[in-house]
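Asks: Here is the input, now give the coordinates:
(chains A, B, C, D, E and F)
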Protein chains: 4
Amino acid sequence: MPEPKQPVGRPRDSQIDHAIASATRALLAERGYAKLTVDAVASRAGIGKAAIYRRFATKQEMIFAATVHDMEEQPPPDSGSLHGDLEAVCEVIAEQLSTAAPDVLHGLLADLHGDSSLGARFTGTFIERERFVIDTVLARAVERGELAAAPDAAIVHALLLGPIFYWLLILIGDRDRLPDLVRTTAAAVADTLAATAPPSR
Amino acid sequence: MPEPKQPVGRPRDSQIDHAIASATRALLAERGYAKLTVDAVASRAGIGKAAIYRRFATKQEMIFAATVHDMEEQPPPDSGSLHGDLEAVCEVIAEQLSTAAPDVLHGLLADLHGDSSLGARFTGTFIERERFVIDTVLARAVERGELAAAPDAAIVHALLLGPIFYWLLILIGDRDRLPDLVRTTAAAVADTLAATAPPSR
Amino acid sequence: MPEPKQPVGRPRDSQIDHAIASATRALLAERGYAKLTVDAVASRAGIGKAAIYRRFATKQEMIFAATVHDMEEQPPPDSGSLHGDLEAVCEVIAEQLSTAAPDVLHGLLADLHGDSSLGARFTGTFIERERFVIDTVLARAVERGELAAAPDAAIVHALLLGPIFYWLLILIGDRDRLPDLVRTTAAAVADTLAATAPPSR
Amino acid sequence: MPEPKQPVGRPRDSQIDHAIASATRALLAERGYAKLTVDAVASRAGIGKAAIYRRFATKQEMIFAATVHDMEEQPPPDSGSLHGDLEAVCEVIAEQLSTAAPDVLHGLLADLHGDSSLGARFTGTFIERERFVIDTVLARAVERGELAAAPDAAIVHALLLGPIFYWLLILIGDRDRLPDLVRTTAAAVADTLAATAPPSR
DNA sequence: ACTTAAACGAGACGGTACGTCCCGTCTTTGC
DNA sequence: GCAAAGACGGGACGTACCGTCTCGTTTAAGT
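Replies: Residues are numbered from 1 along each chain as shown, chains lettered A, B, ... in the order given. This next block holds a predicted model:
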């Protein structure tokens, strides 16, 4: 029996889930990743620490849940060309990333890769999902006849999203210029792929 | 006179600087960024904690100094072509980065951007130095007649080094395939630049 | 209403109070006052340092509480004569003091008078209590007709207990001879008082 | 040869001895025993720490030397009676003690008895000297015929000086009343001795 | 309505690391 | 060839968090 887990006792209060998430986000914005403490989140949310640890095993999981909560990524609608598809993919990622402060992303990434289980979960969701999106748009291009064969998706992944991450996380570049970067990147990747795997005439 | 600051008292023992740096690096390699403690560094280096805090205000500054100690980046020798120069720049960065464990890079970046003074210092040295290297190779290309005008260096910076960081820090990709990525990236950027700012015929 | 202060949250574990006190006393006996460390107390008591600092603001307060825990001093039973009463008072004090090592007494007194709040607390409890005992036996003597009027209690206090403290703390005298000293002191004080304030015939 | 110790090199600067002692006394008065640091003394005296440690093995010795520097105690001139002699002894001690703050005396005593070598030295000088003074006045009384035999000097020592120490160190009593206490104590001890060892008629 | 079982706010708990301070020693340069 | 200035190893201090664990109270579902 797959254990329907008939609930006994007081059920979890779903308001608390929201309170935790929004307190976490507020404190991240106010004080930064490094100075976020679980006690502060509990206090700000008006709840006890136990309510947090009943939901999340570690502080990192809490932050992870509060920050990447709704990042659902779907392959973009078929734009009719590889170039258009790649640009759409880039744009979505860029938009999502630019809502977060760089120090939060760095802190989260550091903690993610410092904890192997969380790291695996991150790779298993976000990275895989991005990869799937890229696979999809590449397959479309092959089908469309733009490319002779699907190139290595991992390399394309890095070429396409790397510049955006670097701009936001390392260069801490001006966000107004992000659209420029997105356009240039998408164009460069599209051209390179076309040159490397030209359609068999 | 700009204060020659003639030293009085016992001078700092430069052997201790080395001992701190190498103990830090050893412990980072052995136990990882998250488990590095100042006491452990002092103990391993055979010194007192005070000697560390006399040199560095925080643990983060110590790690910063110990890890980025000798990263001197010079523009690569002129290879004769923009493509060759870009590839050389990429290779050097890729080589430097791959000597460090990903968790150290993440931890360091997180701490860097969690402390504004350190973050500014990082940008003011490494990023500026990388930017200078890129400026140099772009200027060479213009001089050579490969490009009509030097393109925006910041964008080139992101396009060129972003994929490598992404590969190592986010994808945690196979390091054996890094040379492939470097080649592809350099080629893509060179082609894009040539297409965007072609030599005035 | 004088604030009944209904407790919320997890209450303090009173076993820990005992564990701290007995670990402190054990370590004082084993290693002496100067070598007592808070970490050692915590470790010996099997608790965290935070549990100590939640109860006591400083190491000194902890030692104060641990060493003077149960020193409840009551006026001795009426022996029928001033001399007998004074001797009883002396004996009790002498016995209590001789259970402690001189270095602990010195250390404690030094810390007491190095921290004004602790010093005031010490005076407000022990000294006051001793004074009350002395007041009581003097009042008895007046009632009994042994003395015409109660003499200055502060002077009597010093005359009666001073020699014992001096013997134990300054002379570090042989403890076997303490009973002798107690007898002589009590006799001297009783005689002096009788001579100074004789019963009005 | 009894080693005339012909001095080699630069002789010690005796001004420094004074500077150390007065800086120590000033800081003791300003900040108290517990907060006295060697660095502060050196800085205040305008000298290096080494100059201090060249003269004293420990901080305690330095304070000891600075505070008890000139306490030379001689038996008082013969007053003609035991009572008068005892009172004179008391007065001298009381005067010397009341120049020092109680926290300094306590701190010093604590450190003295925490360090056995210094403790022995203290006993070997001050206590012995006091004892000699008491022995002397008791011998005079015997010679004079006031006492049949010299009583136990240790007990007399405690009886005579204990109340003064207690008043100043434990009760932190009013110093204006010290003369009263001295008179009462001397009278009590004189009477008791006379009663215990009356002159053989 | 009453029992039961879990969730709740509050906050104490063991543990670990931090950064500071001081001691007594050692090592320079300058007088 | 000593002195000041101050760096050094060592070690304790008191603080701050983490993730866990009681308390006494509250809330739903099942009797």
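Asks: Is the worst-scoring helix or strand of chain A on mean pLDDT in proximity to DNA strand F?
Replies: The least trusted helix or strand in chain A, going by mean pLDDT, DSSP states H and E, turns out to be helix A:116-122, with a mean of 83. No - using C-beta under 7 Å from any atom of the strand, helix A:116-122 stays clear of DNA strand F, with a minimum separation of 10.6 Å. From N, CA and C alone the C-beta is placed, and that goes for glycine too.
Asks: can you list the residues that contact that helix?
Replies: A:Thr58, A:Gln60, A:Glu61, A:Phe64, A:Asp111, A:Leu112, A:His113, B:Ile172 (C-beta atoms under 8 Å, 6 or more residues apart in numbering or on different chains).
Asks: Which residues in that helix does the neighbour count mark as buried?
Replies: A:Leu118, A:Gly119, A:Phe122 (16 or more other C-beta atoms under 10 Å in any protein chain shown).
Asks: Tell me how far the residue lying closest to A:Ala158 once chain neighbours are set aside lies from chain C.
Replies: With C-beta to C-beta, 6 or more residues apart in numbering or on different chains as the criterion, A:Ala158 has its nearest non-adjacent residue at 4.2 Å, and that residue is B:Pro163. For B:Pro163, the distance to chain C (C-beta to the nearest C-beta, to the nearest Å) stands at 47 Å.
Asks: any idea how far B:Pro163 is from B:Leu171?
Replies: The spacing between B:Pro163 and B:Leu171, counted by C-beta to C-beta, to the nearest Å, is 10 Å.
Asks: ok, A:Pro75 - contacts?
Replies: A:Val89, A:Phe132, A:Val133, A:Thr136, A:Val137.
Asks: Neighbours of A:Gly80, how many?
Replies: Residues lying near A:Gly80 (other C-beta atoms under 10 Å in any protein chain shown) number 10.
Asks: Next, the residue in chain A that DNA strand E sits nearest to: secondary structure please.
Replies: Nearest residue of chain A to DNA strand E, counting by C-beta to the nearest atom of the strand: A:Gly9, 2.0 Å away. Judged by DSSP: H, G, I helix; E, B strand; the rest coil, the three-state class of A:Gly9 is coil.
Asks: residue in chain A nearest to chain C?
Replies: Going by C-beta to the nearest C-beta, chain C is nearest to A:Gly48 of chain A, at 9.1 Å.
Asks: Need phi/psi at that residue.
Replies: When read as degrees, to the nearest 10, the backbone of A:Gly48 gives phi -90, psi 160.
Asks: Can you check the pLDDT for the residue nearest to it when sequence neighbours are not counted?
Replies: Spatial nearest neighbour of A:Gly48, chain neighbours left out: A:Ala42 (6.0 Å); criterion: C-beta to C-beta, 6+ apart. Note on A:Ala42: pLDDT of 97.
Asks: Name all residues that make contact with A:Ala42.
Replies: Going by C-beta under 8 Å, 6+ apart, A:Ala42 touches A:Ala23, A:Gly48, A:Lys49, A:Ala51, A:Ile52.
Asks: Tell me how far A:Leu28 lies from A:Ala66.
Replies: 8 Å.
Asks: Could you report the pLDDT at the most centrally placed residue in chain A?
Replies: Geometric centre of chain A, nearest residue: A:Phe126, 5.4 Å, by C-alpha atoms, centre = their mean. On pLDDT, A:Phe126 comes in at 87.
Asks: Isn't it up against A:Phe64?
Replies: No - under the contact definition of C-beta atoms under 8 Å, A:Phe126 does not touch A:Phe64, with a separation of 10.3 Å.
Asks: what's around A:Arg12, how many residues?
Replies: 11.
Asks: And A:Lys49, by the same measure?
Replies: Neighbour tally, A:Lys49, other C-beta under 10 Å: 12.
Asks: Excluding covalently adjacent residues, which one is nearest to it?
Replies: A:Ala42 is the one closest to A:Lys49 (C-beta to C-beta, 6+ apart), at 4.7 Å.
Asks: Distance of the one you found relative to DNA strand F?
Replies: Here the criterion is C-beta to the nearest atom of the strand, to the nearest Å. By it, A:Ala42 lies 9 Å from DNA strand F.
Asks: Now the helix or strand harbouring that residue: buried residues?
Replies: In this assignment (DSSP states H and E), A:Ala42 forms part of helix A:38-45. Within helix A:38-45, the residues scored as buried using 16+ other C-beta under 10 Å are A:Val38, A:Ala40, A:Val41, A:Ala42, A:Arg44, A:Ala45.
Asks: Tell me how far that helix lies from the chain's centre.
Replies: A distance of 25 Å separates the centroid of the chain from that of helix A:38-45, by C-alpha atoms, centre = their mean, to the nearest Å.
Asks: Then stretch A:113-129?
Replies: Distance, stretch centre to chain centre, for stretch A:113-129: 11 Å (C-alpha atoms, centre = their mean).
Asks: go on, stretch A:69-86?
Replies: 14 Å.
Asks: now do the same end-to-end measure for it.
Replies: Terminal residues of stretch A:69-86 lie 24 Å apart, using C-alpha to C-alpha, to the nearest Å.
Asks: For chain A, which residues are neighbours of DNA strand E?
Replies: A:8-13, A:16, A:43, A:46-51, A:54.
Asks: quick one, domains of chain A?
Replies: Following the assignment in automatic domain parsing, chain A carries domains at A:14-67, A:82-196.
Asks: A:Leu181: which element?
Replies: Per DSSP H and E: helix A:178-196 holds A:Leu181.
Asks: Could you work out the end-to-end span of stretch A:29-48 for me?
Replies: Terminal-residue distance, stretch A:29-48 (C-alpha to C-alpha): 21 Å.
Asks: Please name the residues that touch A:Thr24.
Replies: Counting by C-beta under 8 Å, 6+ apart, A:Thr24 has contacts A:Leu36, A:Val41, A:Met62, A:Ile63, A:Ala66, A:Thr67.
Asks: Equivalent analysis for A:Tyr166, please.
Replies: B:His157, B:Ala158, B:Leu161, B:Gly162, B:Phe165, B:Tyr166.
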